[in-house]
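**Student:** just to be clear, the model below is a prediction. Sequence and coordinates:
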Amino acid sequence: MAISDLPLEALVHALHSGAIPGVAGDALFLRARPGVALRTVQGLKLRCEQSFRPAFDALHREGYDVELQRDAGAQSPLVLGLPPRQKEETRALLARMVASCAPGGRIVASVANDEGARSVEKDLAQLTGLGGSITKHHCRVFWSPALTGQHNVELATQWTQLDRARPILGGKFKSRPGVFAWDRVDAASQLLVEALPTTLRGSAADLGAGWGFLSDALLQRCAGITALDLFEAESRALELARENMAPHAARVALDFHWHDVVGGLPKKFDVIVSNPPFHALGRGDRPDIGRRFIETAASALNRNGQLWLVANKHLPYEAALTSRFADVRAVAEGGGFKVIAATGARA
């Protein structure tokens, strides 16, 4: 499925426009995303960083130099970024872009108008001053002046801390801005937890585990679960899940996978629970992702294995479920969500 990425397209347009000085040679691209537009970039040697596994894998397949996390001390004369929606996470990214910029270099960001472009542009102006901006594809691309130490150092230091992990929910868990439902219990996951039978047992998997709420609740509720694998595409969330699940390690065999579930699973399970994502990097409804989660779960369940799934009521998953499972039943509904249990997976 071809998905338009307007902030990426606008960024590439700005790089080609001649409006930004010094667009040549080495460039560091934070939150890099693949796309047709990126393949047209010329005159830049891109070093990419991406913590979201599907985007990381796509960049790697296309031959880009990509890492999960670049050396914190590495600097480049040009630093590109695609800031996310969450304000604290975005401010932390801007501060990191400044820290990654070599003396005399520039940072360049691109944001969709309906995702807070004006606000992020003002943040950059406050942090470094504004070197210029252009609009394209309903996005704003803006950049700093040549940075020679004149940026607001105190503000950069403050913003660097904004997306650090911190206690949430009375200190029971740790989370950080930018991961899904970072500071609360997601209502869909809560509905699923309340519907789970206490009799579930054997080996289990949580597909799209996030920071670990559903996995923790599954183990709290079901004493018969003896092993649990957490699959999560966002590395920033997976590291939180690893810490949040540590209290269960003495009783249950735990394994953590930075993994794109769409590509399948490496082994079989007796139980699979999932609150699948229906966005890719936050851009538009993607029910195809949830359908692929269902297909992956069906292929990864042992005989008599059970899938317990929660989704928005409007998402059309029933056809995918009935095509891959002999028994599909609605278990609970509320708050705009539905919980479905499925057994009898078909090959």
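**Tutor:** Perfect, I can see it now.
**Student:** all contacts plus neighbour counts: C-alpha atoms, from now on.
**Tutor:** Will do.
**Student:** which residue packs closest to residue 219, ignoring adjacent ones?
**Tutor:** The spatial neighbour of residue 219 that comes closest, neighbours along the chain excluded (C-alpha to C-alpha, 6 or more residues apart in numbering), is residue 225 at 6.6 Å.
**Student:** pLDDT score assigned to that neighbour?
**Tutor:** At residue 225 the predicted local confidence, pLDDT, stands at 98.
**Student:** mind listing what's buried in the helix or strand hosting it?
**Tutor:** With elements taken from DSSP states H and E, the one containing residue 225 is strand 224-232. Neighbour-count burial for strand 224-232, with 16 or more other C-alpha atoms under 10 Å as criterion, is recorded at 225, 227, 228, 229, 230, 231, 232.
**Student:** and if you look at stretch 137-150?
**Tutor:** Using 16+ other C-alpha under 10 Å as the burial criterion, the residues of stretch 137-150 that qualify are 139, 140, 141, 142, 143, 144, 145, 146, 147.
**Student:** before we move on, the earlier item: restricting to C-alpha, output the strand holding residue 225 in PDB.
**Tutor:** Extracted as PDB, the C-alpha positions of strand 224-232 are listed here (Å, rounded to 0.1, in the frame of the first residue of the first chain):
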ATOM      1  CA  GLY A 224      -1.500 -20.300  34.200                       C
ATOM      2  CA  ILE A 225       0.600 -18.200  31.700                       C
ATOM      3  CA  THR A 226       4.100 -19.600  31.900                       C
ATOM      4  CA  ALA A 227       5.900 -17.700  29.200                       C
ATOM      5  CA  LEU A 228       5.300 -14.300  27.600                       C
ATOM      6  CA  ASP A 229       6.800 -12.800  24.500                       C
ATOM      7  CA  LEU A 230       6.300  -9.000  23.900                       C
ATOM      8  CA  PHE A 231       6.500  -7.800  20.300                       C
ATOM      9  CA  GLU A 232       6.700  -4.100  19.800                       C
END
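**Student:** name the helices or strands packed onto that strand?
**Tutor:** On a contact count with 3 or more C-alpha pairs under 8 Å, 6 or more residues apart in numbering; DSSP states H and E, strand 224-232 meets strand 201-207, helix 213-221, strand 253-258.
**Student:** distance from the chain centre to the first one, please.
**Tutor:** Its chain's average C-alpha position is 22 Å from that of strand 201-207, according to C-alpha atoms, centre = their mean, to the nearest Å.
**Student:** how about it, which residues are buried there?
**Tutor:** Along strand 201-207, the positions that meet the burial threshold by neighbour count (16+ other C-alpha under 10 Å) are 201, 202, 203, 204, 205, 206, 207.
**Student:** measure the last one to residue 252 for me?
**Tutor:** In this view, residue 207 and residue 252 are 17 Å apart by C-alpha to C-alpha, to the nearest Å.
**Student:** cool, and the fifth one?
**Tutor:** Taking C-alpha to C-alpha as the measure, residue 205 and residue 252 are separated by 12 Å.
**Student:** what do the two both touch?
**Tutor:** The contact sets of residue 205 and residue 252 overlap at residue 228 (C-alpha atoms under 8 Å, 6 or more residues apart in numbering).
**Student:** is the spatially most central residue of the chain in a bridge, and if so with what?
**Tutor:** Averaging the C-alpha coordinates of the chain gives a centre point, and the residue nearest to it by C-alpha atoms, centre = their mean is residue 234 (4.2 Å). Beta bridges link residue 234 to residue 52 when assigned by DSSP bridges.
**Student:** that one and residue 125, how far apart?
**Tutor:** 29 Å.
**Student:** and what of residue 75?
**Tutor:** Shown here: residue 75 relative to residue 125, a distance of 21 Å by C-alpha to C-alpha.
**Student:** can you pull the contacts of residue 82?
**Tutor:** Contacts were defined as C-alpha under 8 Å, 6+ apart; by that measure residue 82 touches 7, 8, 30, 31, 32, 109, 110, 111.
**Student:** show me what contacts residue 228?
**Tutor:** Residue 228 is in contact with 203, 204, 205, 206, 215, 252, 253, 254, 255, counting by C-alpha under 8 Å, 6+ apart.
**Student:** show the pLDDT at it.
**Tutor:** If you check residue 228, the pLDDT there is 98.
**Student:** then residue 17?
**Tutor:** Looking at residue 17 specifically, the model assigns a pLDDT of 95.
**Student:** dump stretch 168-181 to PDB, keeping only the CA atoms.
**Tutor:** Once non-C-alpha atoms are left out, stretch 168-181 reads as follows in PDB (Å, rounded to 0.1, in the frame of the first residue of the first chain):
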ATOM      1  CA  ILE A 168       3.300   7.100  35.900                       C
ATOM      2  CA  LEU A 169       0.100   5.800  37.500                       C
ATOM      3  CA  GLY A 170       1.300   6.300  41.000                       C
ATOM      4  CA  GLY A 171       4.800   4.900  40.300                       C
ATOM      5  CA  LYS A 172       3.700   1.400  39.300                       C
ATOM      6  CA  PHE A 173       5.100   1.900  35.700                       C
ATOM      7  CA  LYS A 174       7.500   4.000  33.800                       C
ATOM      8  CA  SER A 175       6.800   5.700  30.500                       C
ATOM      9  CA  ARG A 176       7.800   8.600  28.400                       C
ATOM     10  CA  PRO A 177       6.200  11.200  26.200                       C
ATOM     11  CA  GLY A 178       5.600  10.100  22.600                       C
ATOM     12  CA  VAL A 179       4.900   6.400  23.100                       C
ATOM     13  CA  PHE A 180       1.200   5.400  22.700                       C
ATOM     14  CA  ALA A 181      -1.000   6.300  25.600                       C
END
